[in-house]
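Asks: have a look at this prediction, sequence included:
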Amino acid sequence: ATGLADPGSFILGTFTHYLATSNTQGLNQVADVGASATGPRVGTLMLHASLVASVEYRLSGRDDHPGQASRLIFAFELRTMPKVSGSLDLEVVAPGGFFFKPRCNASIGNGIFGPGQAYPLPLVQFEPGVRLLLCEGHHNVARLKVTPGLLSGRRYAFGLRVDQQPLAT
């Protein structure tokens, strides 16, 4: 298993007791009915885009509680080699009810899965020298701008803070 949700969907769940580690002690009890929300289709420049589902919540900062902020990790793979000058724009469109601040918070590189945590295969870090220039949020849309250097055929991951999740699913 790659730990990736189906492309184009968000999976939401609520637990009465939750451990960020595996469910070996039976403490991750589901509190109510889960939900999924279909996201927009993957852009024409991307071969793949998804929310990374299997993360250590405590280490990565993920929190699926309604109305709360959370740190989500997304994966994508470019279909073709992007331009080598200027910048590359990445856009995340979340379902209604999610909210990104105007100066949103995104991260690339070490630490997005938690301190000292490696990227799970097939995910990789952005190429050396690629920098995050900007993260702008507007309601349920976050736009990231990065310097050139990403390659096609590699499944990259980045972290993005959602400042508010829907109050109900």
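Replies: Yep, that arrived.

Asks: residue 143 belongs to a helix?
Replies: No: assigned with DSSP: H, G, I helix; E, B strand; the rest coil, residue 143 falls outside any helix and is strand.

Asks: bridging residues for it?
Replies: residue 91, residue 136 (DSSP bridges).

Asks: so it sits against residue 160, correct?
Replies: No: with contact defined as Cβ atoms under 8 Å, residue 143 does not count as touching residue 160 (10.7 Å). For every residue, glycine as well, the C-beta is placed using N, CA and C.

Asks: ok but residue 110 is inside a helix, no?
Replies: No: secondary structure of residue 110 (three-state DSSP): coil, not part of a helix.

Asks: just the pLDDT for it.
Replies: Looking at residue 110, its pLDDT reads 92.

Asks: that one touches residue 126, doesn't it?
Replies: No: using Cβ under 8 Å as the test, residue 110 is too far from residue 126 to be in contact (10.6 Å).

Asks: so if I had to pick from those two, which one is more boxed in?
Replies: The residue with more neighbours, out of residue 110 and residue 126, is residue 126; 19 against 12, by other Cβ atoms under 10 Å.

Asks: count the neighbours of the residue lying closest to that one once chain neighbours are set aside for me.
Replies: Excluding the flanking residues, the one nearest residue 126 by Cβ to Cβ, 6 or more residues apart in numbering is residue 108, at 4.5 Å. Other residues near residue 108 number 18, with proximity taken as other Cβ under 10 Å.

Asks: ok, now which ones touch residue 108?
Replies: By Cβ atoms under 8 Å, 6 or more residues apart in numbering, residue 108 lies in contact with 125-126, 130-132, 146, 158-159.

Asks: low-confidence stretches in the chain?
Replies: 1-44, 169 (pLDDT under 70).

Asks: apply 80 and report the result again.
Replies: For the chain, the stretches with pLDDT under 80 are 1-45, 82-84, 169.

Asks: excluding chain neighbours, what is closest to residue 78?
Replies: Spatial nearest neighbour of residue 78, excluding adjacent residues (Cβ to Cβ, 6+ apart): residue 152 at 4.6 Å.
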